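Participant: after the sequence you'll find the predicted model.
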Amino acid sequence: MKFKVLFKKYKILLVEFMINIFSFSIFIIAQQIVALPTISRLYDANQFGKIVIAIGFIGIITSIFGFSIGNARLLDQKFYNSLYLRTFLISNLIIGLISFIVYYFLFLDNIMNNILFLITCVLANYRNFFQSEYRIKNTHNKLLRQNLWYFLGVLFGVLIFLFQKNWLMIFLVAEIFSVCFSAYYFRESGFFKLFTDNSRLKSTNIIQLILNNGASYSLSQYDRFLIYPILGPANVSLFYSASVSSKIGALVINPLSNYILGKLAIKKEATNSKLINLVVLASFFISVLYFFLSIFTTPVLVKVLYPDFLTNIEYLIIPICLGGAIMAGVNILKPITMKHFGVKFYNNSFYIYGLSLISLSVVLGIKYNLIGIAIANIVSGIALFLFLLICLKKIKRKV
């Protein structure tokens, strides 16, 4: 009887939670299970390593701008302040310039492919920014549909890729499908015309979220950018294939963390000790579940998706999965830490973690190769996880 009461109370929240997980799972399947493995079969390890870096760059740059600016709308409560729109439009120009330079130095390719990569990055920025509107309107089904259209775009792009042998077409077509769906859905409300609130608004949350999401997403992809100059693009391919389950899990956990942040941001009443206990318990549960799931799924996924790499990366699977599991727990603690201590506090903690992670990775990576980078991830993750738990324990004494 008690279970039925609890289920009715949290039914809507549970449904939204499951829709968000399913929604981003579709996005992950499109990128990690369909697109990249297909590309890997037509390129050598060196070239594929560069492509992995390029895709990581798209995720980082659009998380820094489109995703962060959208999330700031949730925290500030002035959903249609004109500052958001101005900042977003400026971010498209910045992304266009940076993406053009990055692609040119990474591939030394023709100008047309440079432009295609630029367009893909800008469209991805729009897709990420649109997600905030779905959360504000509580239309999570539309967010699911946006990712479904992205998935269909990837499938269509793969067909084009098989004929043209240009990997950019997969992601360009996927972004076009996804953004066109959102543009069609927003046509009646005139989405961009809604930003008419010209009241004064500090850009603190925008800046802090840009820094936080930028650091968070960059560090989730740091290995490929660190391995490339130290150990070369072929090792990027090996480490990426060994991390396939962890990367997939991170792409689910990060949006889930931002979903929790949005819910806490619009929650008017103060957080009680029961909620803190629930979040802490959830962080341990997610970490353990994440670890065992990734341990069992990684060999299977690598054998199916990247069969040529399996024998070279078996020794990396357990340490990489453990590091990913620890950071999954950290991401569950992140929203409630931000609510009580502020975004700036969490950012400063994360920067210290990032510096220790990069420093350890460089030292251990040079000395012990790829296993050293995996160990650095574990040590730094444990330190951050314990620090956040100590901070939340102090909060419990006050509430």
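Facilitator: Yes, it's here. In this text the structure is predicted, and so the values were computed from the model without any measurement.

Participant: OK, contacts around Asn235?
Facilitator: Gly49, Ile227, Asn369, Leu370 (CB atoms under 8 Å, 6 or more residues apart in numbering). For glycine as for every other residue, the C-beta is placed from the backbone atoms N, C-alpha and C.

Participant: check contacts around the second one.
Facilitator: It refers to Ile227. Here Ile227 is in contact with Asn235, Val236, Phe239, Gly365, Leu370, Ile373 (CB under 8 Å, 6+ apart).

Participant: biggest separation within the contacts of Asn235, which pair?
Facilitator: Farthest-apart pair in the contacts of Asn235 is Gly49 and Asn369; separation 15.2 Å (CB to CB).

Participant: which ones among the contacts of Asn235 lie within helices?
Facilitator: Judged by DSSP state H, the contacts of Asn235 include Gly49, Ile227, Leu370 as members of helices.

Participant: out of the residues you listed, which one sits closest to Leu310?
Facilitator: Of those, the one sitting nearest to Leu310 (CB to CB) turns out to be Leu370, at 14.5 Å.

Participant: please report how far the nearest residue to the closest one once chain neighbours are set aside lies from Gly365.
Facilitator: Spatial nearest neighbour of Leu370, chain neighbours left out: Phe239 (5.4 Å); criterion: CB to CB, 6 or more residues apart in numbering. Going from Phe239 to Gly365 by CB to CB, to the nearest Å gives 10 Å.

Participant: what of Phe24?
Facilitator: Phe24 is 30 Å from Gly365, by CB to CB.

Participant: more neighbours: the two, which one.
Facilitator: Neighbours per residue, other CB atoms under 10 Å: of Phe24 and Gly365, the larger number sits with Gly365, 24 against 21.

Participant: would you confirm that that one contacts Leu226?
Facilitator: Yes. Between Gly365 and Leu226 there is a contact at 6.8 Å, judged by CB atoms under 8 Å.

Participant: what do these two both touch?
Facilitator: Ile373.

Participant: where in the stretch 101-250 of the chain is pLDDT low?
Facilitator: 140, 205, 247-250 (pLDDT under 70).

Participant: picking up where we left off before, columns distance to Val34 on top of the contacts of Asn235, output as TSV?
Facilitator: Output for the contacts of Asn235, formatted as TSV (distance: CB to CB, whole Å):
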residue	distance to Val34
Gly49	19
Ile227	24
Asn369	30
Leu370	26
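
Participant: ok, then the element right after the host helix or strand of Phe225?
Facilitator: Using DSSP states H and E, Phe225 sits within helix 222-231. Moving toward the C-terminus from helix 222-231, the first helix or strand encountered (DSSP H and E) is helix 233-242.

Participant: that following helix versus helix 222-231: what angle between them?
Facilitator: 150 degrees (axes from the mean of the first three to the mean of the last three CA atoms, to 10 degrees).

Participant: can I get helix 233-242 in PDB, CA atoms only?
Facilitator: What follows is helix 233-242, C-alpha atoms only, in PDB (Å, rounded to 0.1, in the frame of the first residue of the first chain):
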ATOM      1  CA  PRO A 233      46.400   9.100 -32.900                       C
ATOM      2  CA  ALA A 234      46.600   5.200 -33.000                       C
ATOM      3  CA  ASN A 235      46.600   5.100 -29.200                       C
ATOM      4  CA  VAL A 236      43.600   7.500 -29.200                       C
ATOM      5  CA  SER A 237      41.700   4.800 -31.100                       C
ATOM      6  CA  LEU A 238      42.800   2.100 -28.700                       C
ATOM      7  CA  PHE A 239      41.800   4.000 -25.500                       C
ATOM      8  CA  TYR A 240      38.600   5.200 -27.100                       C
ATOM      9  CA  SER A 241      37.500   1.600 -28.000                       C
ATOM     10  CA  ALA A 242      38.400   0.400 -24.400                       C
END
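
Participant: which members of the contacts of Ile227 are the farthest-apart pair?
Facilitator: The most distant members of these, if one measures by CB to CB, are Val236 and Gly365, lying 12.1 Å apart.

Participant: got the domain boundaries for the protein?
Facilitator: 12-211, 221-399 (automatic domain parsing).
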